[in-house]
Each structure stands twice: as structure tokens, then as C-alpha cells.
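J.: Structure for this input, please:
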Amino acid sequence: MFGIWILLISIVNPMGDFPINDDWAYGHNAKVLTIDGKVYFSFWPAMTLFAQTLWATLFCKIFGFSFTVLRFATLILAFGTSLAFFALLKRHVKKHSIAFMMTLILMCNPLFVTQSFTFMTEIYYLFFGCMALLFYSNYFKNEKLFHLIIALLFSIITIWVRQTGLIIPLGFAIAYLLKKKLNWRSLIVVVLPPLIGILSLFIYKEWRLSTGTLMGSFSEFGALIDGLKNVNLDYFIQRIGVLMHYAGFALIPISVLLITRFRSKIRLLSWFTCLLVIVPLLYTMYMCWGIFPHGNVLNNFEIGPKLLKDQVIGENIALGLPVLFWNVFKVLNMLSVVIFFRGIFSVKIVHSKSGRQLLGLIDAVKKQPFLFMMFFIVAGQFIYLVINPIFFDRYVIPMAFSFLMITGILIGNLSNRKIIFGLSIASIFLVTSALLVKDFMSWQRARWTALTYLTEDLQIAKTQIDGGFEFNAWFQVANMAPPSKNKSDPSWWWVDQDNYLIASGDFFGYHKFKAFGCDPWISSNADSVYILEKRGMIPIKFPLLTDFETYSQASKTILDSNNDAFWELDGRHTNELAKSGEYSVKLVKEDAYYYLLGSLVEREVIEVSVWCNGRTGRLMVDGYGNDSFRNIEVKSKNNDCWSLLKTSFRVSKELSGKQVAIYLSNTSTRVAYFDDIRIARSTIE
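T.: Alright, predicted model coming up:
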């Protein structure tokens with residue numbers, strides 16, 4: 001197992017001091033506790049998050065705060081989750097090789113792999129929850145008080161990662177109630193775990209209230225119920241269908257091995273009951289056929305989320321795989337769901353002498369209490385995901401974990417040939433998932449390299465940049481704005497001015513300034529991340545040139561070296577005389593052309609030059625009352641009556657963040673011609 005994780009880490013490469021998805025908010029908690037020694041809760045998370053913050057702070061105290069350290073803190077628990085899942089399952093299967101195969105199937109899920117390389121809550125919830133299940137399972141077998149106490153401690157820690165950790169002690173209580181005869185001792189064991197879980201959540205909430213750190217985003221069960229008041233049947237059909245697709249997707253590697261199980265006998269009543277459940281579920285899956293994959297993390301044949309303005313609006317989206325490919329997967333998802341529920345209803349219910357089905361169920365629970373505990377847990381997880389109005393595909397990871405655990409227990413025996421085949425399928429999924437996450441991390445590194453280039457190399461203020469959700473959320477240089485699909489509106493995520501935009505391709509109103517390659521291996525990612533600059537601004541450190549030769553009849557403008565509009569195409573554009581090419585600009589008495597250069601940065605140097613034919617031609621930069629700069633005339637060497645007019649200046653503190661006008665003018669009745677203008681910007685190192 002350790003070797004598999006080393007290989008996985010080597011392929012993906014978790015290095016990079018940048019947040020992913022929502023973990024910027026969770027990182028804030030750990031950073032403040034690490035550096036300032038104060039307990040801090042970001043306004044953004046809806047979960048408890050406390051245990052995760054403490055775990056991360058332990059690593060940050062040793063290695064210093066960075067998102068790379070947070071990522072490795074998560075990877076350790078991802079490895080621990082795989083070990084705990086294997087240890088738990090091997091107690092309930094006939095062969096350890098089956099437990100190993102099911103563990104590999106859990107690890108190969110792209111959602112699991114992706115979250116292992118973030119500081120999101122899914123892996124923390126899985127690890128502590130799995131440890132609680134491990135000790136509850138021990139208690140079912142030997143009823144030692146020590147195992148129950150440890151299980152309760154891990155249950156509390158799970159609840160202090162996410163409130164839904166309460167489902168685990170509730171599932172234990174129901175299964176234990178059906179397993180044991182009611183007496184004072186068994187009643188205490190039934191009541192104690194959920195009661196302690198509820199009390200731990202209540203104490204945590206009261207503590208947050210007393211310290212003024214309980215934000216409005218904190219999720220409570222009552223809010224979930226209130227959110228259902230305005231939903232309709234279509235909502236439930238869609239949500240159930242999507243959940244079943246993701247559950248089926250997680251089960252594909254094992255389901256293909258169990259198709260032959262349909263030949264085994266099953267009671268007619270069980271078949272009828274099974275169909276009553278399966279047919280409606282398949283209907284919901286069919287009704288949301290076009291929705292899967294739902295996006296956020298798993299999006300066609302790439303990993304996300306890629307929270308840049310162009311992608312959120314729906315531009316520069318990768319083409320991905322053909323529809324037929326995903327249709328095959330959707331059919332396999334449906335087949336997996338059928339096989340799963342076929343396995344559930346094949347559990348032998350031994351009827352009591354009175355023939356009462358309920359007593360028969362109780363007898364079955366007594367024989368396999370942990371299996372039925374997992375039934376109750378997965379039912380609770382499913383209900384929560386259905387009623388929660390907010391849904392992202394990563395939310396299904398705990399439910400997929402439970403589905404795999406139940407399937408592993410229900411498998412019974414498998415031939416070595418099938419186990420090898422299952423391991424082969426899981427290995428293919430694992431390598432594919434690893435390469436997809438590798439491409440995603442490579443894309444993120446390219447994106448943050450571009451942002452570092454802007455903010456550090458070019459000293460562009462963060463207030464000028466829309467670097468995507470995580471960048472602007474981490475620095476929060478402005479207030480949130482209402483969401484908008486209008487391309488000209490700023491993104492909702494704390495953007496002050498969007499003079500510079502990080503994007504995966506072209507975007508309306510911007511021109512490409514610089515590209516940073518990310519070289520995807522197998523995903524449909526773009527091969528570069530781009531810094532885009534708003535049209536009308538001059539590319540920093542890259543001279544802007546126009547020889548007046550290139551123009552657009554459609555927009556009636558002269559174009560610069562970036563093919564952006566430079567000046568209007570009017571009577572001043574002439575082919576009477578030119579320094580280079582055929583065209584130049586002709587200015588008569590007291591005529592002028594000007595160009596606005598914006599978003600100036602303090603201490604950068606602006607250099608402007610233009611060739612002029614005519615003694616009264618002038619070059620001037622006007623700072624609108626702050627500074628003005630006139631040309632220094634330099635005679636050309638070839639005596640062709642063209643002179644090079646030049647001016648340069650360093651941006652003062654007063655001009656920082658503002659704009660200047662670059663003027664070409666003629667001060668007499670004689671004609672002046674201008675050609676080959678060049679504008680350059682450079683920073684003072």
C-alpha cells in the first residue's frame with residue numbers, strides 16, 4: 001500500500017504553495033493558529049472544521065505554513081484512510097486479497113485521488129470516520145468498553161470535521177438496538193454514542209457563539225429542512241439520479257466482476273422488492289442522463305475545479321471525450337446500481353417461527369450487525385445529500401466509501417482470476433486518475449506562476465488582477481459582487497479592478513499578454529494559461545509598436561503589434577510619405593492624436609519614441625495635472641528628413657494607478673508626418 005502511495009505522489013507532484021477550491025478558507029484557519037496562536041474561523045466554511053485545523057497546525061508548526069505542507073498533511077491521512085479501510089474490510093471478507101482489491105477501488109476513484117491532494121475536508125472526514133467504524137466493528141465482536149470509548153472519541157473528531165459525522169454513532173445505535181435484547185446495559189450503549197455526538201456538536205456551537213466566531217455560513221439541520229420548502233419533484237428526481245450515477249461510477253471496477261451473480265437463485269419476494277427499489281432509481285438516472293458528470297471536480301475528461309472567469313462563464317471549455325464514451329459509462333453506472341441492490345436483497349433473512357419479516361430482519365442484524373450499521377449510515381448519507389440544496393460531486397465521496405464497504409462485505413468469495421482481473425481494472429482507473437490529477441496540478445502551477453509573474457516580477461497590484469476564485473479569495477482586496485454572466489462585469493469573487501485576467505484562452509475585451517505552458521498528459525486541459533490584459537493598456541516590458549500599416553476596415557481602426565485598436569482610421573492616415581512601409585499619420589496645424597496608457601505602477605519607466613518628418617511635430621505625455629513630459633529630438637543619421645522623437649519618465653507616486661495621454665501634435669501650419677511609434681514599459685528592479 002505504501003508503495004502505491006509513493007508512486008501516486010511521484011506521478012501527481014503535490015508541490016505548490018497555492019490554494020485549491022475552497023481550501024483557501026480552511027488554510028486561513030490553520031495559518032492564523034500557526035502564526036498568531038489564535039483560534040480563527042473563516043467566514044466561508046459551513047462545516048465545523050476544528051479537528052482538521054488542529055491536525056494541519058501540528059504540521060505547520062514544524063515545517064512552517066504553506067499549502068504544500070497542508071497538502072502533505074492531507075496525504076498522510078489519505079494513506080491512513082486506505083490502511084483503515086483495508087483493516088476494517090478484511091475482518092468481514094473471506095480473503096484478504098478481496099479487501100486489498102476493494103481498497104484499491106476506493107483509491108482509484110478520481111474524486112478520492114483529487115481530494116487527497118488538497119486541504120479540503122473529504123479525506124479528513126473519511127479517515128476519522130473510518131477509524132470510528134473500525135472500533136465500532138471491534139465492539140460488535142467483543143463488546144470491550146475500551147473499543148467503544150475509542151470509537152466515541154473518533155466519532156467526536158469526525159463531527160468536529162463535519163457535522164454529518166453524527167450519522168456514524170446514530171447508525172451504530174440503530175444496529176446495536178436490533179442486535180441486543182433490551183436491558184439497562186444495552187440501552188446505555190444504544191443511547192450513549194448519539195447523545196455524546198449531539199452534545200459534542202452542541203458544545204462546539206455554543207463555544208463558537210460565545211467567542212463570536214459562529215458565522216452565518218455554519219450549516220445546521222434546520223436550515224436544510226427550510227431549504228426544501230420551495231423544491232419540487234423534479235429536484236428530487238434529478239438529485240437522486242445524480243447520486244446514483246456517482247455511486248454506480250465508484251462501483252464499476254467491482255461490478256463487472258459480479259455480473260455472473262445474476263445466475264444465483266433469489267427468492268421471488270426478494271426479486272419483487274428489489275425491482276420496486278431498482279426501477280425507480282434507474283428512472284431517476286435516466287432522467288438526469290445529460291447531467292453526469294455534474295462538474296466541479298470531475299468535469300468530462302479533466303479534473304477541476306478551474307475557477308477562472310472565462311471557464312465559469314462557459315468560455316474556453318475543453319472539448320473532452322465524445323458523448324458515446326460517457327454514455328457507455330452511464331450504462332455501466334446503471335448496471336453497477338442494479339448489481340449493488342441485487343446484492344443487498346440477496347442477504348438471507350431468516351424468518352422466525354411466527355413468520356414475521358421484522359423478526360427475521362432482526363435475526364439477520366444479529367449475525368451481521370456491522371453490515372446493517374453500514375446500511376443505516378449510507379441511508380443517512382444519501383438522505384443528507386438529497387435534502388442539502390448545495391451539491392458538488394466531491395460530496396459523494398463518503399457515500400461511495402460506504403457503498404464500497406457494503407459491496408465488499410456482500411461479495412462473499414471470488415476466484416483468484418477474478419481478483420486479479422479486478423485489480424487490473426482498478427490499476428487502470430488509478431493510473432488514469434493520477435494522470436488527470438497530475439495535469440490539474442500542472443495547470444494550477446502554471447496559473448500561479450503567471451500570478452507570481454504579475455505580482456512579483458512586474459509589481460502589479462493585486463487590486464488590478466482577476467486571478468480566479470482562489471487567488472482573489474485568499475487576498476480579498478475587494479468586496480464580493482453579485483454573480484453575473486455578463487462578460488464585461490467583474491467576477492463576483494472579491495475583484496477590485498480586472499485590468500489583468502488569468503484565463504485559458506481568448507476573452508472579450510482583452511488581448512493575450514503572456515503564456516505559461518502546463519503540458520497536459522492525457523486530460524483535455526488547455527496546454528497554456530494566459531495573462532490577459534484589458535484592451536487599451538500597454539503590455540508591460542513588451543514594446544507596443546505600430547507602423548500604421550495594419551488596419552481594420554471593419555472597426556475603422558489602425559492596429560498595433562497585438563492586433564488591438566490603436567487609433568481611429570480617419571483622414572490622418574495617409575500614404576503620401578512614410579518612414580517604413582507605405583503609410584504614416586499626417587497632422588496639419590494644431591492637430592493632435594493621443595493614446596491613453598493606464599494602470600501605471602509606481603517607479604516603472606515609460607519610454608515613448610516616434611519618427612517625425614516636419615520641424616513642428618511634437619511628442620508629449622500628459623499626466624492630467626500631475627506630470628507632463630515633452631520630446632527630446634534626435635536627428636536620424638541618413639539625412640532623410642526624419643527625426644526620432646523620444647521621451648521617457650519614471651512613474652511617480654501621484655501617477656501610480658492612473659493613466660497618461662500620449663500625444664502626437666503639430667504646432668504650425670506646415671504638415672508633419674509621424675511613423676513607427678513605439679511604447680515600452682519596464683520596472684525598476
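
J.: From now on I want contacts and neighbour counts done on CA atoms only, so please keep to that.
T.: Will do.

J.: neighbours of residue 108, just the number please.
T.: Residue 108 has 23 neighbouring residues, counting by other C-alpha atoms under 10 Å.

J.: What distance do you get for it to residue 390?
T.: Distance of residue 108 to residue 390, given as C-alpha to C-alpha, to the nearest Å: 26 Å.

J.: One more: residue 53?
T.: 23 Å.

J.: Which of the two has more residues huddled nearby?
T.: Higher neighbour count among residue 53 and residue 390: residue 53, with 25 against 10, using other C-alpha under 10 Å.

J.: Which residue, neighbours along the chain excluded, lies closest to that one?
T.: Take residue 53 and drop its neighbours on the chain: the residue closest to it by C-alpha to C-alpha, 6 or more residues apart in numbering is residue 30, 5.3 Å away.

J.: ok, now which ones touch the one you found?
T.: Neighbouring residues of residue 30 by C-alpha atoms under 8 Å, 6 or more residues apart in numbering: 53, 54, 56, 57, 60.

J.: do that again at 7 Å, thanks
T.: Applying C-alpha atoms under 7 Å, 6 or more residues apart in numbering, we find residue 30 in contact with 53, 56, 57.

J.: Format those residues as TSV; extra columns: distance to residue 94, secondary structure and pLDDT.
T.: Output for the contacts of residue 30, formatted as TSV (distance: C-alpha to C-alpha, whole Å; DSSP: H, G, I helix; E, B strand; the rest coil; pLDDT from 0 to 100):
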residue	distance to residue 94	secondary structure	pLDDT
53	39	helix	96
56	37	helix	97
57	41	helix	97
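
J.: from those residues, which single one is nearest residue 68?
T.: Using C-alpha to C-alpha, residue 56 comes nearest to residue 68 of these, at 11.1 Å.

J.: in the helix or strand hosting residue 85, what counts as buried?
T.: Assigned by DSSP states H and E, residue 85 belongs to helix 67-89. Residues of helix 67-89 classed as buried by neighbour count (16 or more other C-alpha atoms under 10 Å): 67-75, 77-89.

J.: Could you point out the helix or strand that follows it?
T.: Next element after helix 67-89 (DSSP H and E): helix 96-108.

J.: Show me what that next one is in contact with.
T.: Identification of contacts with helix 96-108 by C-alpha under 7 Å, 6+ apart yields 82, 85-86, 89-90, 93, 113, 253, 401, 404, 408, 419, 422-423, 426, 429-430, 433.

J.: Please apply the same query to stretch 657-673.
T.: Residues contacting stretch 657-673 (C-alpha under 7 Å, 6+ apart): 584-601, 612-614, 616-624.

J.: in it, what counts as buried?
T.: Buried residues in stretch 657-673, defined by neighbour count with 16+ other C-alpha under 10 Å: 657-668, 671-673.

J.: those strands in the stretch 251-400 of the chain, which residues are they?
T.: 298-299, 302-303 (DSSP state E, counting those that start in this stretch).

J.: ranking those strands by burial, who's on top?
T.: Among these, strand 302-303 has the highest mean neighbour count (mean count of other C-alpha atoms under 10 Å), at a mean of 26.

J.: That strand - contacts with which helices or strands?
T.: If you count contacts as 3 or more C-alpha pairs under 7 Å, 6 or more residues apart in numbering; DSSP states H and E, strand 302-303 packs onto helix 416-452.

J.: I'd like the next helix or strand past the helix it packs on.
T.: Using DSSP H and E, the helix or strand that follows helix 416-452 in sequence is strand 465-466.

J.: List the strands paired with that following strand, with their directions.
T.: Using DSSP bridges, strand 465-466 pairs in its sheet with strand 500-503 (parallel).

J.: same for the helix or strand where residue 130 lies, what does it pack against?
T.: Using DSSP H and E, residue 130 maps to helix 122-142. With contacts defined as 3+ C-alpha pairs under 7 Å, 6+ apart, helix 122-142 has these neighbours: helix 67-89, helix 110-116, helix 145-159.

J.: for those, which one sits closest to residue 240?
T.: For those, proximity to residue 240 was assessed by C-alpha to C-alpha; helix 110-116 is nearest, at 18.7 Å.

J.: List every C-alpha atom in the closest one, with coordinates, as CSV.
T.: Listed next in CSV are the C-alpha coordinates belonging to helix 110-116 (Å, rounded to 0.1, in the frame of the first residue of the first chain):
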residue,chain,number,x,y,z
PRO,A,110,-10.7,10.3,-9.3
LEU,A,111,-12.7,12.2,-6.6
PHE,A,112,-10.7,10.4,-3.9
VAL,A,113,-7.4,11.0,-5.6
THR,A,114,-8.1,14.7,-6.3
GLN,A,115,-9.2,15.5,-2.7
SER,A,116,-6.1,13.7,-1.4
